[in-house]
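Trainee: sequence first, predicted model second:
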Amino acid sequence: MTAQQRRDAIRDVLTQAAGPVSATALAGRFGVSRQLIVGDIALLRAGGAAIEATARGYVVQRDREGLRRQVACRHQAADMERELQIMVDNGCTVLDVIVEHPVYGQLTGGLGLASRYDIQQFIRRAQAARPLSLLTEGVHLHTLSCPDQEAFLRVREELAGAGFLLE
């Protein structure tokens, strides 16, 4: 298999996958190193492929139904799981987290969290690292995909009630 054939196959795997696929899983599937997969993904992106890196692996960006909205939040690291649960329990998908770094500008981390299971997996993996929001004293944005305006308003109301909404 040539490098181009492998990249085409990676794109096919990601397009057909029901959820994120890790670089490690792709490396095992194609019998190459994880670092080679990371390079292949970079080349695919440079060629225009809409591949997003999330905390759980790579996904092909699809047209998402519903409304895209952002919420500004502030909380302690210990409150991260509760904040995310509020969002998914109201029917929204947490697409990313964004912080404004004084040196690097806007930093965005893809999340793609749509359920409590997704959150549990994310929290488990996050224990080995510090959340981006620690760089900004807990202040951050989340981009949400919500089924409708009512779901977004419920999220805002519950985040405010929990003391997480930054207004």
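Mentor: Now that the structure is in, tell me what you want to look at.
Trainee: ok, and what's touching stretch 121-130?
Mentor: For stretch 121-130, contacts defined as Cβ atoms under 8 Å, 6 or more residues apart in numbering pick out 55-56, 77, 80-81, 84, 111, 113. Just so you know, the C-beta spots here come from the backbone N, C-alpha and C atoms, and that holds for glycine as well.
Trainee: so which of the residues you listed belong to helices?
Mentor: The helices, defined by DSSP state H, take in 80-81, 84 from these.
Trainee: just the buried residues from those, in PyMOL please.
Mentor: The PyMOL selection below is limited to those of the ones in helices among the contacts of stretch 121-130 classed as buried (16 or more other Cβ atoms under 10 Å):
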select buried, resi 80+84
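Trainee: neighbours of Leu165, just the number please.
Mentor: Each residue near Leu165 was counted by other Cβ atoms under 10 Å, and the total is 19.
Trainee: show me where this protein has strands.
Mentor: Assigned by DSSP state E, the chain shows strands spanning 51-54, 57-60, 67-74, 93-101, 105-113, 139-146.
Trainee: need the ones in helices among the contacts of stretch 121-130 in CSV (columns: pLDDT and distance to Asp148).
Mentor: Shown next, in CSV, are the ones in helices among the contacts of stretch 121-130 (pLDDT from 0 to 100; distance: Cβ to Cβ, whole Å):
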residue, pLDDT, distance to Asp148
Met80, 90, 26
Glu81, 93, 25
Leu84, 95, 20
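Trainee: what residue lies at the spatial centre of this protein?
Mentor: Geometric centre of the chain, nearest residue: Leu111, 1.4 Å, by Cα atoms, centre = their mean.
Trainee: for it, which non-adjacent residue is closest in space?
Mentor: Closest residue to Leu111 apart from its sequence neighbours, by Cβ to Cβ, 6 or more residues apart in numbering: Val94 at 5.0 Å.
Trainee: state the distance from that neighbour to Val32.
Mentor: 32 Å (Cβ to Cβ, to the nearest Å).
Trainee: between the two, which one's more packed in?
Mentor: Set side by side, Val94 and Val32 show more neighbours around Val94, with 24 against 16, by other Cβ under 10 Å.
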